[in-house]
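With the sequence up front, the predicted model follows.
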Amino acid sequence: MNDTELFGLVNNALKRVYNHHEYLIKNQVHERSIVFWFGVYLHELLQHTKYEKYNLDFEYNKNHSNPKRTTNFPKGTYPDILLHKRDSNKNNLLIVEFKSWWNPDNTKDLKKLSDFTHPNGDYKYKYGLSITFGKNKPIITPLREGEIINNE
């Protein structure tokens, strides 16, 4: 990926989660509890960067005033974390879906990320990340333009 700063911030937020909330991961607490802390740390890290004017949202389900719908999710969907500008699809930057080591099947998440990052879709997010909270470290699968890409 070519946005080194953004992915550095994501990695630093993940490090903070593992450093301060290992208990949540080891004890199989609900994914949302862990994602909450990731969001808190990412929000802190985004301050005073070129990304601070973006909105960081958790389970955001709207496309303007309508439900977020995609090819694979025609009834609507709500991504775990979005870094975007609300009420616009012109500046959609990052979509993140999370799983945990005790529930690692990310098949639906990858379809969702593909839909949201596809260049012919409605949303055109620049990057998608599927992140699994592993027991000792995260497993990250990046997507761009609807496809899984190699970690760079």
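Perfect, I can see it now.

Need the residue closest to the centroid of this protein.
The C-alpha lying nearest the average C-alpha coordinate of the chain belongs to residue 96 (CA atoms, centre = their mean; 1.1 Å).

which other residues reach the strand or helix carrying it?
According to DSSP states H and E, residue 96 maps onto strand 94-100. With CB atoms under 8 Å, 6 or more residues apart in numbering as the contact definition, strand 94-100 has outside contacts at 6, 10, 25, 28, 31, 34-35, 38, 79-84, 105-106, 109, 112-113, 116-117, 123, 125-133. Glycine gets a C-beta too; all of them are placed from N, C-alpha and C.

and that strand, average pLDDT?
Model confidence over strand 94-100 averages 98 on the pLDDT scale.

now the angle from whichever helix or strand comes after it to strand 94-100?
Remark: after strand 94-100, the chain's next helix or strand is helix 107-117, criterion DSSP H and E. Orientation note: helix 107-117 sits at an angle of 180 degrees relative to strand 94-100 (axes from the mean of the first three to the mean of the last three CA atoms, to 10 degrees).

For helix 107-117, list every residue counted as buried.
109, 110, 111, 112, 113, 114, 115, 116, 117 (16 or more other CB atoms under 10 Å).

Switch those over to TSV; also include pLDDT.
Rendered in TSV, the data for the buried residues of helix 107-117 read as follows (pLDDT from 0 to 100):
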residue	pLDDT
109	98
110	98
111	98
112	98
113	98
114	98
115	98
116	98
117	98
